[in-house]
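Colleague: no sequence on this one, just coordinates:
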């Protein structure tokens, strides 16, 4: 009996040592992780769901299995969701997440993501997502409106395999719906639902970032929501920052983590970058990698870099309609994302140094 116990203990300690070595090896790779949907598992970045503008007054429990497949990454997971109505459906609380994820990646995808394993040696759990809903308006004459505040925790596992991130993220949205036709006798209807979002801008709060444009446009369009992130640089804070602070439709986020930036970019209506001077302008490139639409100014290097993949504004003119601008067609950002990578930049720098 003692021998059997000793053997089991030895096997357990050996397993722990294996995991520890793997973790130590991964520590060096962590700085190379790319926080983008392409370089993480399919459940790493949740996206807003359309709830139709009406909250249910009944409890809901959902348990389902999902299967995701892409070249080099096959993923299965068990997903669960619990919805709890509050005050007879005037508000609601939803908790959801991946209970367990099973994945198998190719060695090529593993190396591209700077991951450690092609499959998890231990159970892999997902992030917990919390949604708080409030029924702002319920009217047959006008519309049904539900607003929500949402947070994704950093509770998921296997960051070392680029499955779930190590940063919490949050977002706000509004679900709006209205019946266009309804037949009570046949219990049939035609309904229009859509998800309202916000515009997002990122960067240091310096003068060249042209916050004056954001402040001016937000004043003229109080129905539009803007989220502005960035840390003020001493001595370079524009006076327009005070104007932004006084506007109810502008939220100043201050410094946000990489994970939070990614979530904001993925969920915004568009990423706005009205700078009047940029040496390159990396934030719009990051936004494109998150599949966000970008609106940039026709100044400095920005038109040269982003070409026809961006929507353009004049840095000194806010007499425009961003919603109409976003209806204009743009080209796929794929060539730009493939051209401007750290690897390509390193190769160019290497050639310059050699020559």
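Modeller: Thanks, I have the structure now. Just so it is clear, the model here is predicted, and its values are computed rather than measured.

Colleague: quick one, strands of the stretch 51-200 of the chain?
Modeller: 60-70, 73-86, 91-105, 128-138, 144-152, 169-183, 188-196, 199-201 (DSSP state E, counting those that start in this stretch).

Colleague: buried ones in the fourth one, by neighbour count?
Modeller: Applying a neighbour-count criterion of 16 or more other CB atoms under 10 Å, one finds 128, 129, 131, 133, 135, 136, 138 buried in strand 128-138. Every residue, glycine included, has its C-beta placed from N, CA and C.

Colleague: for the third one, same thing?
Modeller: Buried residues in strand 91-105, counting neighbours by 16+ other CB under 10 Å, are found at 91, 92, 94, 96, 97, 98, 101, 103, 105.

Colleague: can you pick out the most distant pair from those residues?
Modeller: 91 and 105 (40.7 Å; CB to CB).

Colleague: re the thing from before, redo the buried residues of strand 91-105 as a markdown table? Include pLDDT.
Modeller: Below are those laid out as a markdown table (pLDDT from 0 to 100):
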| residue | pLDDT |
| --- | --- |
| 91 | 94 |
| 92 | 94 |
| 94 | 94 |
| 96 | 94 |
| 97 | 93 |
| 98 | 93 |
| 101 | 94 |
| 103 | 94 |
| 105 | 93 |
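
Colleague: nearest to residue 209, of the strands of the stretch 51-200 of the chain?
Modeller: Closest among the strands of the stretch 51-200 of the chain, using CB to CB: strand 199-201, at 7.9 Å.

Colleague: sketch out the low-pLDDT regions of the stretch 51-200 of the chain for me.
Modeller: Low-confidence segments of the stretch 51-200 of the chain (pLDDT under 70): 185-187, 196-200.

Colleague: pull out the buried positions in stretch 142-154.
Modeller: Buried, per 16+ other CB under 10 Å, within stretch 142-154: 143, 144, 145, 146, 147, 148, 150, 152.

Colleague: the residue nearest the centre of the chain and residue 290: what is the separation?
Modeller: Nearest residue to the geometric centre of the chain (CA atoms, centre = their mean): residue 263, 2.3 Å. Taken as CB to CB, to the nearest Å, the spacing of residue 263 relative to residue 290 amounts to 9 Å.

Colleague: span of stretch 41-59 from start to end?
Modeller: 30 Å (CA to CA, to the nearest Å).

Colleague: show me which residues of that stretch are buried.
Modeller: For stretch 41-59, using 16+ other CB under 10 Å, the buried residues are 41-46, 48-49, 51-55.

Colleague: check the residues you listed against residue 224 and report the nearest one.
Modeller: So of these, ranked by how close each gets to residue 224 (CB to CB), first place is residue 48, at 17.5 Å.

Colleague: where's that closest one, which helix or strand?
Modeller: Counting by DSSP states H and E, no helix or strand carries residue 48.

Colleague: for the closest residue to it other than its chain neighbours, name its beta-bridge partners.
Modeller: Nearest non-adjacent residue to residue 48, counting by CB to CB, 6 or more residues apart in numbering: residue 173, 5.0 Å away. Per DSSP bridges, the residues bridged to residue 173 are residue 148.

Colleague: ok, residue 173 touching residue 146?
Modeller: No - using CB atoms under 8 Å, residue 173 makes no contact with residue 146, being 9.0 Å away.

Colleague: what's the local residue count around residue 252?
Modeller: 16 (other CB atoms under 10 Å).

Colleague: tell me which element the residue lying closest to it once chain neighbours are set aside falls in.
Modeller: Spatially, and ignoring its direct neighbours in sequence, residue 252 is nearest to residue 228 (5.3 Å; CB to CB, 6+ apart). In this structure, residue 228 sits in strand 226-229 according to DSSP H and E.

Colleague: sheet-wise, list the partners of that strand with their directions.
Modeller: strand 199-201 (parallel), strand 250-254 (parallel).

Colleague: got the contact list for residue 107?
Modeller: Contact analysis of residue 107 by CB atoms under 8 Å, 6 or more residues apart in numbering lists residue 118.

Colleague: any idea how far it is from residue 118?
Modeller: 6 Å.

Colleague: then residue 280?
Modeller: From residue 280 to residue 118 the distance is 35 Å (CB to CB).
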